[in-house]
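Chemist: what follows is a predicted structure for the sequence shown.
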Amino acid sequence: MAANPEFMNQPQIGFKLDGEEVFAFEGETILQAAKRHGKEIPHLCYSDNLRPDGNCRACVVEIEGERVLAPSCCRKPSEGMNIKAESERAVRSQKLVLELLKSDMPKQSQSPYTLKSELDFWAEKMDVGTPRFKGRSQPQADLSHPAISVNLDACIQCTRCLRACREEQMNDVIGYANRGSHSEIVFDIADPMGASSCVACGECVQACPTGALMPAGNVGLQEADKTVDSTCPYCGVGCLIKYHVKDNKILYTEGRDGYTNHFRLCVKGRYGFNYIHNPLRLTKPLIRREGVPKSTELLDPNDLDKEFREATWEEALDFAANGLKKIRDEKGKKALAGLGSAKGSNEEAYLFQKLVRIGFGSNNVDHCTRLCHASSVVALLECLGSGAVSNPVSDVAQAEVIIIIGSNPTVNHPVGATFMKNAAKRGTKIILMDPNRTAIAKYASHVLQFRPDTDVALLNGIMHTILAENLQNDAYIKQYTEGFDQMRTHLRNYSPEKVAPICGIDAETIKEVARLYATSKGSMILWGMGVSQHIHGTDNARCLIALALMTGQIGRPGTGLHPLRGQNNVQGASDVGLIPMVYPDYESVEDPKFRAKYEKLWNTELDPKRGLTTVEMIHAILDGEVFGMYIEGENPAMSDPNQNHARKALASLEHLVVQDIFLTETAGFADVILPASAFYEKTGTFSNTDRRVQMGRQAVNPPGEAKQDLWIIQEIAKRLGCDWNYQGPEDVFNEMRQAMTSIAGMTWERLENEDSLTYPLENVGDPGQPIIFTDGFPTATGRGRFVPADFIHADELPDNEYPLIFITGRQLEHWHTGSMTRHSPTLDAIEPDPVVSLHPLDLEKLGVEPGGFITVESRRGKLSAYARAELGIQKGTLFMAFCYNEASSNLVTNDALDPAAKIPEFKFCAVKAYAGGTPDQRIN
Amino acid sequence: MTETVSTQSTVKEITRALKHKPGALLPILHDIQHALGYIPADSIPVIASELQLSRAEVHGVISFYHYFRETPPGKQTIHLCRAESCQAMGSKKLEEHVKAKLSIDYHETTPDGKFSLEPVYCLGMCSCSPSMQIGNDVYGRVSNESFDSVIDEREALS
């Protein structure tokens, strides 16, 4: 087995190990080479993916001609070296280290916190008995953190946790304090872990060899029935995870060596799985009681029995389908609409859009991509002919310059962010552009905290500089682009001096950033919702694309454009056509050629007109055009802007079918609720932000009578006249391959074996292409297009009555509308209450103490929450996550849309704020 | 409140003045202790953020060196040497006397705030053992009697 694949192509060095002729690849240590040859030398402070530290000395070996023993984890062999790992002297020393460390353990015995203590393993293997030495005085347990138990009485001070925290994840919480026999592992300034700045990524827990750091609740003392290799249900990074399962429950998780995570995880992926075991899970189909009217208020779960009754699956499915059928047959095909989910698998999303297109008979199908990267995708399709990311996140390691704009990666793509921080440590320059100074700013060489809403001005200013200083890549522009002259003319109006007062960034900084980006060997742009969620979201993305095109910073490793995807399968759900204007592979529904293709494949007639988008559906309900909806795993009653309006619309639907795992805010408006399966309860493929299709495997069974979504969608489809008989995800995937050139060569077997494959993968056996656009673009002309964008303002600007700017987003511990994370006892304990963040000086001006109540009010609605002082928030703005139903930020947001992408302006609306108020009752 | 603010501004001033020096952390800690007599806990986040270090790293360095204090000292700090040479010349006896005279143990301050007592491991005055240091003054061949007279004199002064 190869211990260290990165060394495999290096020259070999021959040496002797315990009398045997062996070799090491250049760069390998003695320990690594020995391991590759099947010989395990005891070790504790060494771990494969951490920097060797050589502090425990359990791995010492004897080297001929050297006076002292050498730590094999740090020492590299040289040609002809004669090394003895099993000589009497070496073994005596190894055993003494183990015995001394064991004498530090509680009761000088086996670790009381884990069944997998590496110290116990080696002590037993090396036959180390009861230690002869006196024990030490032991520190108290620290159980202050909801996710992690700290029992430093089992700590051997190997500092693996410290290296994991500081060097791998770079969260910089763990330290090593005091000296001599008083030395100890500390969190920040020797704070209790729960009170420290720990972000609970749990990398230290995974690194700890003795159980001193463990997941809370003593799960380490239970033997799992099985382990399941799968992926993560949260963000688009798509970390691969191993789930340890016992009695149909997930005990704990472990990061696997996935391409995107290399063993790393974040708090949500590692500890946020337990929402599936929440007793509030839906376990039986529910039908609205006859004669109980819908209200526009959220349903109080205590009133569930008054409004709904339990039903059998047969009855609920018939009721759900008949209601939809009645509307379709009486009011026409366009009177129905469907919202699918970016949380479901590719197979579920594919079947859902197919159901709407055939069973409902229209293209009225959409999902939350409309609320996140719709504008990025529109701009990418328009300029480059493909909505996909050009380079994987891991390319940050090869970039010289990284622009992070409108993205808070340490919160929303935490594992991706660790690789950005690692790159910065190695010298890559991070240029952060964001109205908020987010945590990654600590690693940035330039922080441009520009005024909200002024992205286009800023980016045009940067491009103006590039042209003014002749830094553009003329050869690239000539060979691969079109529309440059028009762009050049357009940019004349945007000198840095002119845009500086607009965006609040001085002209010199704009110029410096322009030079850095344009002249580096590799510059990469990563962006998030801060770019996309504006009425000029498409314009923002057009500017980023133009920036990459004019400098030729695309199509090579360490360059390119990467809109960081939010949901674990928002890339996949879009790819398979869960969008009103396109079929799978982004083939336009309005193009007769593609319509004919799908009419043939699906053996049906299809609607030639594009359908309604998410927010348009809500308007159409109130306009009397849509009467029935099927909502699978989406939560528009929380996620849509201007919620009072959205909730009124949902309440006025004639027939609403909701399929979900909890009684979501949306489910309260339903006529029938179908209990569905969570991520861990089904098998399917999920496409991450790098275009990697990854295998998610079932770890546990759905609770009660809850069913897998693929089955439910199919049962509804059958009742709407679709003659389907898919036996499982594999059948659906194989049909997807017939429809989609991009994955035509991707076989289910290969996914089963390799877990993760990147498309485009057109022919069986292809390696897949992590980097695309290496030779032009998939447009009609093969060239990338410059599309000039003029600076416009947000839809609703602050005025005397509403003087502040309200920006919404996410928090590390909570996912989107909170339907998963707020049902996870661990995550909910870390971040339990709704908070609005403001600059401390703004708080002072409003007369609100941090931790006091604050009320935020716009023309559309208001909310009250706890105030939090954050220096990174720009003065005059407020920031809030949208996961709290007791203080739902989308009551306040504006539903104005980007004209091209129909994405709402979640990132900007005018509000006033004042002290006082209390949050509403939280609905669980 | 005012005191905290002025302490914080001293910390900021010192940190900003020295942060560009190579290996700036130790000089900064020395200057803060010199100016304030100790390194207040709330100065750690300031130093950490200015030097792009973690709070844990700064705490690690402060806690490694016994000379750095994290609590305010008395008006005068007595450093009593406990190293080998002084011990050979009877510093243990002197130590007992000092503790009894001041009614405090090591790392403590007299209730009137006049004296703090700290052990030190070698002042480089082995030829004049046992020795001690108060402020910038070093004393050799300290006996119980000479200690008392130094303390009485200094007490009268303070």
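Modeler: That came through, no problem. What you see is a predicted model, and the numbers here were worked out from it, not measured in a lab. Numbers count the residues shown, from 1 in each chain, chains lettered A, B, ... in the order given.
Chemist: and the chain, what are its domain boundaries?
Modeler: Picking chain A for this. Listed domain ranges for chain A are A:5-86, A:313-368+A:569-758, A:373-563, A:804-915 (source: the TED database).
Chemist: should've been chain B
Modeler: For chain B, automatic domain parsing gives the domain ranges B:2-64, B:76-157.
Chemist: among these, which is nearest A:N753?
Modeler: Comparing these against A:N753 with CB to CB, the closest turns out to be domain B:2-64 (41.4 Å). Any C-beta I mention is one placed from the backbone N, CA and C, and that applies to glycine too.
Chemist: circling back: need the domains of chain B in JSON lines (columns: mean neighbour count and mean pLDDT).
Modeler: Compiled in JSON lines, the domains of chain B are given as follows (neighbours: other CB atoms under 10 Å in any protein chain shown; pLDDT from 0 to 100):
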{"stretch": "domain B:2-64", "mean neighbour count": "17", "mean pLDDT": "91"}
{"stretch": "domain B:76-157", "mean neighbour count": "16", "mean pLDDT": "93"}
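Chemist: save these as a markdown table, and put in distance to A:D474 too.
Modeler: Formatted as a markdown table, the domains of chain B follow (distance: least, CB to CB, whole Å):
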| stretch | distance to A:D474 |
| --- | --- |
| domain B:2-64 | 39 |
| domain B:76-157 | 69 |
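Chemist: sec struct for whichever residue of chain B sits closest to chain A, please.
Modeler: At 2.4 Å from chain A, B:A56 is the closest residue in chain B, using CB to the nearest CB. With DSSP: H, G, I helix; E, B strand; the rest coil as the basis, B:A56 sits in helix.
Chemist: which residues of chain B lie near chain A?
Modeler: B:41, B:44, B:52-57, B:59-60, B:63-64 (CB under 8 Å from any CB of the partner chain).
Chemist: what number of residues are in the vicinity of the closest residue to A:E307 other than its chain neighbours?
Modeler: Once flanking residues are discounted, A:E307 sits nearest to A:V292: 5.1 Å by CB to CB, 6 or more residues apart in numbering or on different chains. The burial count assigned to A:V292 is 12, neighbours taken as other CB atoms under 10 Å in any protein chain shown.
Chemist: what's near enough to touch the closest residue to A:V60 other than its chain neighbours?
Modeler: Nearest residue to A:V60, sequence neighbours excluded (CB to CB, 6+ apart): A:L69, at 3.9 Å. Applying CB atoms under 8 Å, 6 or more residues apart in numbering or on different chains to A:L69 gives the contacts A:57, A:60-63, A:89-90, A:93.
Chemist: which one in chain B is furthest away from the centre?
Modeler: Distance from the C-alpha centroid of chain B, by CA atoms, centre = their mean, peaks at B:Q52 (26.7 Å).
Chemist: so who does that one touch?
Modeler: Counting by CB under 8 Å, 6+ apart, B:Q52 touches A:K442.
Chemist: can you check A:E886 too?
Modeler: Neighbours of A:E886 in contact, by CB under 8 Å, 6+ apart: A:834, A:919-923.
Chemist: most surrounded residue in these?
Modeler: With neighbours taken as other CB under 10 Å, the top of the contacts of A:E886 is A:P834, carrying 24 neighbours.
Chemist: pLDDT value on it, please?
Modeler: pLDDT, A:P834: 97.
Chemist: that one contacts A:Y884, doesn't it?
Modeler: Yes. Taking contacts as CB atoms under 8 Å, A:P834 lies within contact range of A:Y884: 3.6 Å.
Chemist: can you list residues touching both of these two?
Modeler: Common neighbours of A:P834 and A:Y884, using CB under 8 Å, 6+ apart, are A:865, A:919.
Chemist: doesn't A:R868 belong to a helix?
Modeler: No. Counting by three-state DSSP, A:R868 is not found in a helix; it is strand.
Chemist: next, count neighbours for it.
Modeler: Neighbour tally, A:R868, other CB under 10 Å: 18.
Chemist: so which bits of the stretch 101-250 of chain A are right by chain B?
Modeler: A:166, A:172-179, A:186-190, A:197.
Chemist: okay, the contacts of A:L69 in TSV with secondary structure next?
Modeler: TSV is the format used below for the contacts of A:L69 (three-state DSSP):
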residue	secondary structure
A:R57	coil
A:V60	strand
A:V61	strand
A:E62	strand
A:I63	strand
A:R89	helix
A:A90	helix
A:S93	helix
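Chemist: now the closest residue to chain B within the stretch 1-150 of chain A, nearest residue through space, not along the chain?
Modeler: Residue of the stretch 1-150 of chain A nearest chain B, by CB to the nearest CB: A:V150 (14.1 Å). Excluding the flanking residues, the one nearest A:V150 by CB to CB, 6+ apart is A:D142, at 3.9 Å.
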